[in-house]
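Q: Sharing a sequence plus its predicted fold:
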Amino acid sequence: MAKTFARGGFRTPLTTWSVRAAAALFIFAAGWTTRGQIGPPAADPSPDGTEDYMLLIWGGPDPVEEAGAAAVAAEYEAWARSLMDRGVAVSGNELARDRTMIGDIADAEPTASLGGYFLISLAPGQDVSALIQDHPHLAYGGWIEAAPLVRRP
């Protein structure tokens, strides 16, 4: 039987399979006991109808190397101001490159770099995809992940 080394010792394919099966059973049981109330796939509107999203700024060439830090900051700030002018609440920041990772990160080598984020709050009827189409990061070859935030009672 083949063995693979993992942190903490050797694992056989049988133990790896049994761990995966136990995890799947736990996830199924957790979903069943909460009756699907873990979180919707779309943003959960607040009582006033607004929806909140975290925009994660991923990958692409480093725009600072291409255009300079001040120019890139000005472009991103102008984009955020344009959203505010359309009634969208916006906040965000660039992430530092030196980060602390905690947990079992042996296989956690991201293929792309997370460079920053924006938190936005949309009014009813505003489309998150339409609002991020003109973000300057897209012009530098990066992409943006729009992650809806879930409100808990």
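A: Received it, and whenever you're ready, just let me know what you need. Residues are numbered from 1 along each chain as shown.
Q: can we go C-alpha only for contacts and neighbour counts from here?
A: OK.
Q: Spell out the residue ranges of the strands in this protein.
A: Listed in chain order, the strands of the chain (DSSP state E) span residues 4-6, 9-11, 51-58, 89-94, 114-122, 143-148.
Q: Start and end of stretch 119-129, how far apart?
A: Counting by C-alpha to C-alpha, to the nearest Å, you get 14 Å between the two ends of stretch 119-129.
Q: Over to stretch 96-113?
A: 11 Å.
Q: Which of the strands of the chain sits closest to residue 82?
A: strand 89-94 (10.0 Å; C-alpha to C-alpha).
Q: Who are the packing partners of that closest one?
A: helix 69-85, strand 114-122 (3 or more C-alpha pairs under 8 Å, 6 or more residues apart in numbering; DSSP states H and E).
Q: try it again with 7 Å
A: Counting contacts by 3 or more C-alpha pairs under 7 Å, 6 or more residues apart in numbering; DSSP states H and E, strand 89-94 is packed against strand 114-122.
Q: quick one: buried residues of the strand it packs on?
A: Under the neighbour-count criterion of 16 or more other C-alpha atoms under 10 Å, strand 114-122 has 114, 115, 117, 118, 119, 120, 121, 122 buried.
Q: Also stretch 126-139?
A: 128, 132, 135, 136, 137, 138.
Q: ends of it, how far apart?
A: 23 Å.
Q: still on that earlier bit, now the buried residues of stretch 126-139 in a markdown table, please, with extra columns for distance to residue 147 and pLDDT.
A: Formatted as a markdown table, the entries for the buried residues of stretch 126-139 read as follows, by distance: C-alpha to C-alpha, whole Å; pLDDT from 0 to 100:
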| residue | distance to residue 147 | pLDDT |
| --- | --- | --- |
| 128 | 10 | 94 |
| 132 | 12 | 94 |
| 135 | 16 | 95 |
| 136 | 19 | 93 |
| 137 | 17 | 93 |
| 138 | 17 | 94 |
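Q: any low-confidence regions in the protein?
A: 1-45, 105-112 (pLDDT under 70).
Q: Where do the domain boundaries of it fall?
A: 4-34, 51-148 (automatic domain parsing).
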